[in-house]
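Participant: need a structure here:
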Amino acid sequence: MVISSFFMTGCDASKILDVIQKVAEGVQKAIPAIKEVIDTVSNTVNSTNTDTATDNTATATATRTETDANNASVTVTNPTDDEEVGTSTTTATTTSTSTSTATSTDTSAAEAALANYRGGRLSPSEFARLFGPVAREASKKSGVPASIILAQAALETGWGSSTIGDAKNLFGIKGTGPAGSIRVPTEEIVNGRRVTINDNFRKYNSWQESIEDHGRLLQNSRYARAMAVKNDPDQFARELQRAGYATDPEYASKLISIMKSNNLYQYNN
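Facilitator: Modelled structure (predicted):
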């Protein structure tokens, strides 16, 4: 364009070359300055990229550290009451809650099954399956060994065949119960002789009620020596006999035999 403009103005060739030479010299002198500008811009861009990369690395490192801390299992040696053990405490609480819920469900199912029982003789294994879980729960409240509860109920009722009419009386307890009483003939050992007498026996609204009343009865001071050995079911049976729970002189040995032959000890807490 420069050359064309010169030709258009009528300039001669020597003047055109002179102008071109001066332009070239000017460009050559400007090159170092241009190069300096380019280098400055390049350094600035590289520095910015480096800083950005460093910032990204630092951010990633910080994020990983925080994630690792959140996922770590916190272990506390001999924690005090006000110390928390992170997710371990939550897990333990959840497990405990789940176990408690499962136990409650099992107990409710056992009580429902017992409520549907209409009486009648059962095999020893059926008797234990029906009454065992309920006896275990009752034992937790009264302290009476579950194996004793089961053995007494089995002996007094003939494995469910006789519950004193419709009284739902599992333990042959005399007197007046929550549902009144029922008068029936019963055999007793008096002065070494077996005699039949009529007597009143407690009547209950449910089998559960009978089991709970039995537990309350054995809290009487009369049976204190038995309760003192509640962790020894066999000795508990002997102390029941000494306290006069039944007049049968073989009462304790019969209870122990029933517990052993049917492994009723498995229901003890």
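
Participant: mind listing what's buried in stretch 146-164?
Facilitator: 146-157, 159-160, 163-164 (16 or more other C-beta atoms under 10 Å). Using the backbone N, CA and C atoms, a C-beta is placed for each residue, glycine as well.

Participant: Name the nearest residue to Ser261, ignoring sequence neighbours.
Facilitator: The shortest distance from Ser261 to any non-neighbouring residue, by C-beta to C-beta, 6 or more residues apart in numbering, is to Pro124 (7.9 Å).

Participant: just Gly177 next, same as before
Facilitator: Nearest to Gly177 is Arg202, by C-beta to C-beta, 6+ apart, at 3.1 Å.

Participant: Got the domain ranges for the protein?
Facilitator: 1-44, 106-167+205-267 (automatic domain parsing).

Participant: Now for the residue nearest to Ser261: which residues touch it?
Facilitator: By C-beta atoms under 8 Å, 6 or more residues apart in numbering, the contact set of Pro124 is 154, 159, 261-262.

Participant: can you tell me which two in those residues are farthest apart?
Facilitator: Greatest spatial distance in the contacts of Pro124: Trp159 and Ser261, 12.3 Å, computed using C-beta to C-beta.

Participant: Helices - which of the buried residues of stretch 146-164 land there?
Facilitator: If you go by DSSP state H, the buried residues of stretch 146-164 have 146-157 in helices.

Participant: Out of the contacts of Pro124, the closest to Arg242 would be?
Facilitator: Using C-beta to C-beta, the contacts of Pro124 come closest to Arg242 at Ala154, 21.0 Å.

Participant: I'd say that closest one and Ser261 touch.
Facilitator: No: counting by C-beta atoms under 8 Å, Ala154 stays clear of Ser261, with 10.5 Å between them.

Participant: quick revisit: just curious, which of the buried residues of stretch 146-164 is nearest to Lys254?
Facilitator: Leu155 (5.7 Å).

Participant: Check the spacing between the closest one and Ala112 real quick.
Facilitator: Separation of Leu155 from Ala112 (C-beta to C-beta, to the nearest Å): 26 Å.

Participant: Ala110 and Arg129 touch, don't they?
Facilitator: No: counting by C-beta under 8 Å, Ala110 stays clear of Arg129, with 9.3 Å between them.

Participant: Compare these two (neighbour count), which wins?
Facilitator: Relative neighbour count places Ala110 above the other of Ala110 and Arg129, with 19 against 13, counting by other C-beta atoms under 10 Å.

Participant: For the stretch 101-250 of the chain, which segments count as strands?
Facilitator: 181-190, 193-202 (DSSP state E, counting those that start in this stretch).

Participant: which of the residues in the first one are buried?
Facilitator: Of the residues in strand 181-190, those buried by neighbour count under the rule 16+ other C-beta under 10 Å are 181-182.

Participant: I'd like the average pLDDT over that strand.
Facilitator: When pLDDT is averaged over strand 181-190, the result is 88.

Participant: which residues touch that strand?
Facilitator: For strand 181-190, using C-beta under 8 Å, 6+ apart, the contacting residues are 164-167, 169, 172, 175, 194-203, 247-249.

Participant: Name every strand pairing with it and say which way it goes.
Facilitator: Strand partners for strand 181-190, identified by DSSP bridges, are recorded as strand 193-202 (antiparallel).

Participant: May I ask you to confirm that Asp213 is in contact with Lys174?
Facilitator: No: between Asp213 and Lys174 there is no contact under C-beta under 8 Å: 11.8 Å.

Participant: In terms of neighbours, single out the busier of the two.
Facilitator: Asp213 (19 against 12).
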